[in-house]
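Student: Give the three-dimensional model of this entry:
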Amino acid sequence: MDNVRTGIRILVAEDEPGVRNLISLALKHQGYSADFAEDTADASVRLHRMGSRYTAVLVDLGPDGNGTELLEQARILQSPVPIIGLVDDLTAV
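Tutor: Here you go, the predicted model:
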């Protein structure tokens, strides 16, 4: 059985390597294609360059992730891509 979900590409913006690796394994296991950004600046560049190619964006909303900046960039671009916020510390929100 082929577990590749054709046409689904996800941008993941996560600053913690361990969390990025965990997300990568989970997405690969489900057959999704993903690009990874270590910070919001890199994710913003990728969103500007390839925004319409992404099915969704997963972004770290924690205090070190600056994910709210990426949300603002997507709003400015009027990007139709769904953005899903990741919170790994509920006390930080």
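
Student: List the contacts of the residue nearest to the spatial centre of the chain.
Tutor: The C-alpha lying nearest the average C-alpha coordinate of the chain belongs to V12 (Cα atoms, centre = their mean; 2.4 Å). Applying Cβ atoms under 8 Å, 6 or more residues apart in numbering, we find V12 in contact with R20, I23, S24, L27, A34, D35, F36, A37, V57, L58, V59. In short, each C-beta sits where N, CA and C put it, glycine included.

Student: Flag every buried residue along the helix-or-strand element of the chain with minimal mean pLDDT.
Tutor: For the chain, the helix or strand with the lowest mean confidence is helix 67-77, at a mean of 75 (criterion: mean pLDDT, DSSP states H and E). Of the residues in helix 67-77, G67, E69, L70, L71, Q73, A74 count as buried by neighbour count, 16 or more other Cβ atoms under 10 Å.

Student: quick revisit: so which of the contacts of V12 sit within helices?
Tutor: In helices, defined here by DSSP state H, the members of these are R20, I23, S24, L27.

Student: Whichever of these end up buried, select them in ChimeraX.
Tutor: Remark: buried members of the ones in helices among the contacts of V12, expressed as a ChimeraX selection using 16+ other Cβ under 10 Å:
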select :20,23,27
